[in-house]
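>>> Kindly return the folded structure for what I paste below:
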Amino acid sequence: MRQININRNYKDRLFRLAFQEKGDLLDLYNAVSGRQYTNPDDLIITTLADAIYLGMKNDISFLVSDVLNLYEHQSSFNPNMPVRGLNYFADTYREYIDRNELDIYGEKLIRLPMPQYIVFYNGTKEEPDRVELRLSDAFLCQYPEENGCLECRAIMININYGHNKELMDRCKRLKDYAVFVNRIRDNEKGGMSLNEAVELAVNSCINEGILADILKKNRAEVCNLILYEYDEQKQLAIAREGAKKAGREEGREEGRKEGRKEGREQGIAQGREAEKVIVIRNMAAKGLDPRSIADILNTEESYVKNVLNLLAEKVGKTDLEIAGILLNRNKTDKNP
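The predicted model follows:
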């Protein structure tokens, strides 16, 4: 089978790619909202820029008929989406106020588009068709008789194949997306490697007219981003488990010496550093040079080179151990 290499301009995941055209985006909006807009030019795309860490970009945000819609895609359940939504909307409103020269210090009430926040979920964990996630659930103080002054609600919609049939029937592109992802998973369950599962799913969907326009035009990119995303998810899951374990072990050890809090923080920091090491290792293994890796991760090229040099020098060391070395070097550099 041919070798698939990561696109060095890797930016968008499949969900954003599927709805990059205004017409498809308007179909999705109509399906979710129950409205029947017909002019794609009614949409004003306001998608926020990439966040610092790869994969943290919000998916789709757009303005139509004085409603600010934020659409995100999640391949794993995340109860913190309302917290992220709060940040996204704050940034978007700030830009909207500046662009329209609105005076928030004046005596006249300014007018703002109404926010709507939808999270499209297609993870492997079974979830209901629709769930409301609330910012207030994260508040430390929970008094039933009192309401905090802030709230942000995210409606999580399960778009796995077999869920929300009426919604899927109203938006063919969304249904095609669900079918495509489901075929990859079914192929894997049948014993295929991920490479084989993706290739077969791409071929069958093209033959049946499922996402055919995207898959034909962007075949290599689609394969790249799916393979990379699956690999990234698996590796980061391993790293997070390592972070938890390291946090517990470091917490016990350092707790006897300098206190439990410092030990836990050291372990968590080492786990987070290990996540970066894993991503850099995988990117390099797929042929990316240090500069490209640094550009994608929005970090310094010297840091990437330092990680790669350590991986070459310390063969046999785990990613968590490499992370510990990096943290110790950083401490030494700050305190010569």
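>>> hang on, Tyr71 in a strand?
Yes. Counting by DSSP: H, G, I helix; E, B strand; the rest coil, Tyr71 is found in a strand.
>>> Look up the pLDDT of it for me, please.
Tyr71 carries a pLDDT value of 90.
>>> go on, Arg8?
30.
>>> Mind checking what secondary structure Tyr177 has?
Put simply, Tyr177 is helix when judged by three-state DSSP.
>>> Now for it, how many residues are close by?
Using other Cβ atoms under 10 Å, Tyr177 has 26 other residues around it. For every residue, glycine as well, the C-beta is placed using N, CA and C.
>>> OK, contacts around it?
Leu14, Phe15, Ala18, Ile159, Leu211 (Cβ atoms under 8 Å, 6 or more residues apart in numbering).
>>> can we see that at 7 Å?
Phe15, Ala18, Leu211 (Cβ atoms under 7 Å, 6 or more residues apart in numbering).
>>> what's the offset of stretch 167-181 from the middle of its chain?
20 Å (Cα atoms, centre = their mean, to the nearest Å).
>>> going forward can the numbers begin at 425, since that is how I track them
Sure, I'll start counting at 425 from here, so that last one is stretch 591-605.
>>> Now that stretch: buried residues?
591-592, 594-595, 597-605 (16 or more other Cβ atoms under 10 Å).
>>> ok, and what's touching stretch 489-500?
For stretch 489-500, contacts defined as Cβ under 7 Å, 6+ apart pick out 437, 439, 453, 466, 482-486, 505, 509, 512-513, 516, 537-547, 657.
>>> Repeat the analysis, applying 6 Å as the threshold.
Stretch 489-500 has contacts (Cβ atoms under 6 Å, 6 or more residues apart in numbering) with 439, 482-486, 512, 537-545, 547.
>>> do stretch 720-739 as well
Ile476, Leu478, Val701, Ile704, Ala708, Pro714, Arg715, Ile717, Ala718, Ile746.
>>> buried residues in it?
Applying 16+ other Cβ under 10 Å to stretch 720-739 flags Ile720, Leu721, Thr723, Tyr727, Val728, Lys729, Asn730, Val731, Leu732, Leu734, Leu735 as buried.
>>> Those residues: which two are farthest apart?
Ile720 and Leu734 (19.5 Å; Cβ to Cβ).
>>> ok so, going back, make TSV from the contacts of Tyr601 and add neighbour count and distance to Ser628 to it.
Shown next, in TSV, are the contacts of Tyr601 (neighbours: other Cβ atoms under 10 Å; distance: Cβ to Cβ, whole Å):
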residue	neighbour count	distance to Ser628
Phe439	21	20
Ala442	22	17
Leu635	23	11
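>>> quick one: which of the residues you listed sit in helices?
Cross-referencing the contacts of Tyr601 against helices under DSSP state H gives Phe439, Ala442.
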